[in-house]
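*Asks:* coords please:
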Amino acid sequence: MGKTWPSEIREFADEKTGRTIRQLTSSGNNYHLYFTENSFDSVKNEIIFLSDRASGQNKAPADWPEYQIFRMDLASGEMTQLTEEPGGVGAVTKTPDSSLIVFTSGRGNISGSCIYALDTASGEVRTVYEETGPFSVGMPSIAPNRRYVAFGRNEKVDAPRGPNYSGFKESFYRTKDGRITVAYLDGSKAEDVFLDTHWVGHFQFCPDDPTIATYCHEGPWNLVTQRIWIIDFITRSVKPCFRQEEQDSIGHEFWTQDGLIFFDDRGPGHDGTITSDRTQAVATEVAVNQNDMVPFVGLADRDGNILRRIEMPYYCNHYHANPDNTILVGDDVDDLVLVDISGEVATQETLCYHGTSWHTQSSHCHPTWSWDGSRILYSSDKGGRINVFMVEP
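*Replies:* Numbers count the residues shown, from 1 in each chain. Alright, predicted model coming up:
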């Protein structure tokens with residue numbers, strides 16, 4: 001831990017738009033944090049990312065590489081290893097200023113059954129939560145008061161696990177015990193806050209209220225009857241965010257910087273997936289967009305009331321909003337696109353070609369705006385290994 005690697009940054013002109021692309025990594029497999037967690041540091045010119053470069057292995061992305069957490073200085077390109085977990089780390093989140101990183105690791109068990117907190121100033125790693133029951137631990141989220149984390153836990157079920165959303169439908173049907181759990185960062189206490197009867201995931205705290213959060217009923221979007229739920233940690237109650245009807249297929253929700261809830265509604269026939277065959281994983285025989293409903297993205301308040309609905313005659317796999325919620329970055333099958341939603345009608349512009357295969361979750365682009373809206377980070381396995389790229393809008 002603390003070992004450094006020299007810069008691997010190279011620049012090239014995008015083949016479709018001519019924009020300058022900065023490839024930040026080139027050794028092993030590397031990918032940035034999920035877009036809801038934001039790899040960018042809000043204070044320093046740095047990112048936090050995952051890499052298998054320290055593993056001593058040479059694995060393809062689908063062969064479960066052993067990832068550790070790294071920090072990169074974007075000015076110099078120097079990379080510093082921050083963890084040295086046996087078996088690697090799983091899900092990773094952090095505070096906006098990257099002073100605290102929270103991650104899951106099984107310490108040799110690929111299920112990632114424990115949660116740890118890393119103080120990036122001191123290098124101290126402490127245990128926050130240790131799973132002792134028959135549950136899998138999901139992505140943690142740090143409360144804005146930095147006192148505790150919360151996360152989803154789901155009963156372990158017999159379902160496939162692997163690339164191209166293997167086991168996605170099976171896990172949806174077989175999981176009947178999902179829980180929202182809170183754990184204090186000093187390791188003093190952990191307890192279930194809400195017991196659900198569905199597979200739960202995508203837990204995210206509101207950015208400015210440690211008592212409010214969202215989570216989802218996970219699974220193929222066209223099968224889930226109510227995707228987004230708002231949980232109140234004081235009353236320990238939940239309520240739906242945007243009540244779904246039969247035609248709605250909703251997902252990839254996130255909190256905007258100003259505390260609104262963004263979501264994507266693709267309409268009938270969409271299961272929310274994309275595979276390396278460039279098809280959906282579950283709803284393979286359902287004709288998409290063969291209906292009267294126009295897909296849309298929405299912005300809701302923290303009570304779940306929709307404030308704005310923007311029709312999207314096209315759709316991307318993921319969206320992320322710039323700081324003032326006027327421009328989205330999205331990843332379609334081949335390209336990153338900018339979607340201007342500042343007016344009454346959304347307009348789209350190609351940003352660059354990403355060329356990813358979509359084979360593994362880590363190869364998904366998950367484009368992410370920097371906190372100031374000046375840069376966009378994304379991942380791609382173009383060339384066979386996953387790497388991290390950056391582009392200016």
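*Asks:* so the closest residue to residue 186 other than its chain neighbours, which of the three states?
*Replies:* Residue nearest to residue 186 in three dimensions, not counting chain neighbours: residue 126, with 7.8 Å by C-beta to C-beta, 6 or more residues apart in numbering. In this view, the C-beta of every residue, glycine as well, is placed from N, C-alpha and C. Under DSSP: H, G, I helix; E, B strand; the rest coil, the three-state class of residue 126 is strand.
*Asks:* Can you tell me how far residue 126 is from residue 114?
*Replies:* 11 Å (C-beta to C-beta, to the nearest Å).
*Asks:* Compare the two (neighbour count), which wins?
*Replies:* Ranked by neighbour count (other C-beta atoms under 10 Å), residue 126 and residue 114 place residue 114 first, with 20 against 11.
*Asks:* Residue 179: what's it in contact with?
*Replies:* Residue 179 makes contacts with 135, 152, 153, 154, 192, 194, 195, 196, 200, as judged by C-beta atoms under 8 Å, 6 or more residues apart in numbering.
*Asks:* go again using 7 Å as the cut-off
*Replies:* Contact partners of residue 179, counting by C-beta atoms under 7 Å, 6 or more residues apart in numbering, are 153, 192, 194, 195, 196.
*Asks:* Does the second one touch residue 181 like I think?
*Replies:* Yes: if you go by C-beta atoms under 7 Å, residue 192 and residue 181 touch, sitting 5.2 Å apart.
*Asks:* Which one's more surrounded, those two?
*Replies:* More crowded of residue 192 and residue 181, by other C-beta under 10 Å: residue 181, with 23 against 11.
*Asks:* For residue 32, which non-adjacent residue is closest in space?
*Replies:* Per C-beta to C-beta, 6+ apart, closest to residue 32 is residue 39, 4.0 Å.
*Asks:* got the contact list for the helix or strand hosting residue 264?
*Replies:* Residue 264 is located in strand 261-265, with elements delineated by DSSP states H and E. Residues outside strand 261-265 that contact it (C-beta under 7 Å, 6+ apart): 214, 228, 241-242, 248-256, 295-300, 302, 319, 321.
*Asks:* what lines up beside the helix or strand hosting residue 299 in the sheet?
*Replies:* Assigned by DSSP H and E, residue 299 belongs to strand 296-300. Using DSSP bridges, strand 296-300 pairs in its sheet with strand 261-265 (antiparallel), strand 306-311 (antiparallel).
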